[in-house]
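Novice: No letters, just coordinates:
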């Protein structure tokens, strides 16, 4: 399985600021995904990061709030913009398991965000 | 869209006993069912998965069963150990890069 790292691992931010989270994979992957996990809750897909094209957002998530970049097959960023306390969550990056079409997703360690 | 329900939300067992977590899904087109274990402060880790052409899969102390007719699948952990304590998530997908929908999670506590 791919080795996934995220930076930062945690951060405490002020209301109204923005934070960019990085996701790095040790091998090329076709699909990268960004999830949000609110405290004590399940995982909710924010968007799919497509290499070479715009990200595909799920209902309830918009590009202005969560801009995503995917410059190559091993790296993606998620920005949480104009943050409010409701954005306090764990943000998780996941990837598919190989360059071939597959269903298996592997997750990074997550970024724990607290907004004051 | 797909809806995945998971029960129970919390489960406490004595060390050495078995634990069973059950999930149901709504989309009959779903054909891939992974299970993830999430320890405190970590990302979810894939522990086992099953595809619709298989009714049961086992990996050491962990097994998963699938009933496509009833649209439910279950995780079975035998001879539980304290290190099995974590939150477990079931999920369902129609495959081929399609969206994976997660259950609500089960917090498993194994009491030594």
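Specialist: Sure, I can see it. On a predicted model such as this, the values are computed, not experimentally measured, just so you know. Numbers count the residues shown, from 1 in each chain, chains lettered A, B, ... in the order given.
Novice: Run a quick neighbour tally on residue 69.
Specialist: Since you didn't name a chain, this refers to chain A. For residue A:69, the count of nearby residues is 15 (other C-beta atoms under 10 Å in any protein chain shown). Any C-beta I mention is one placed from the backbone N, CA and C, and that applies to glycine too.
Novice: think we crossed wires, I meant chain B
Specialist: For residue B:69, the neighbour count with other C-beta under 10 Å is 7.
Novice: Next: residue B:81.
Specialist: Neighbours of residue B:81 (other C-beta under 10 Å): 12.
Novice: how near is it to chain A?
Specialist: To chain A, residue B:81 is 23 Å away according to C-beta to the nearest C-beta, to the nearest Å.
Novice: That residue and residue B:16: what is the separation?
Specialist: From residue B:81 over to residue B:16 the distance is 8 Å, taken as C-beta to C-beta, to the nearest Å.
Novice: Then residue B:56?
Specialist: 23 Å.
Novice: now chain A, which segments are flagged as low pLDDT?
Specialist: Across chain A, residues meeting the criterion (pLDDT under 70) sit at A:97-103.
Novice: tell me which element the most centrally placed residue in it is part of?
Specialist: Nearest residue to the geometric centre of chain A (C-alpha atoms, centre = their mean): residue A:34, 3.1 Å. Per DSSP states H and E, residue A:34 falls inside strand A:31-37.
Novice: what's that strand in contact with?
Specialist: With contacts defined as C-beta atoms under 8 Å, 6 or more residues apart in numbering or on different chains, strand A:31-37 is touched by A:23, A:25, A:43-50, A:66, A:68, A:70, A:76, A:78, A:89-96, A:105, A:107, A:110, B:97.
Novice: Next secondary structure after that strand?
Specialist: Following strand A:31-37 toward the C-terminus (DSSP H and E): strand A:44-50.
Novice: name the helices or strands packed onto that next one?
Specialist: Where contact means 3 or more C-beta pairs under 8 Å, 6 or more residues apart in numbering or on different chains; DSSP states H and E, strand A:44-50 is packed against strand A:31-37, strand A:56-57, strand A:68-72, strand A:75-80.
Novice: Check the offset of the first one from the chain's centre.
Specialist: Here strand A:31-37 is found 5 Å from its chain centre; the criterion is C-alpha atoms, centre = their mean, to the nearest Å.
Novice: and among the helices and strands packed on strand A:44-50, the most buried is which?
Specialist: Comparing the helices and strands packed on strand A:44-50 by mean neighbour count (mean count of other C-beta atoms under 10 Å in any protein chain shown), strand A:31-37 ranks first with a mean of 23.
Novice: how about stretch B:98-105: buried residues?
Specialist: B:100-105 (16 or more other C-beta atoms under 10 Å in any protein chain shown).
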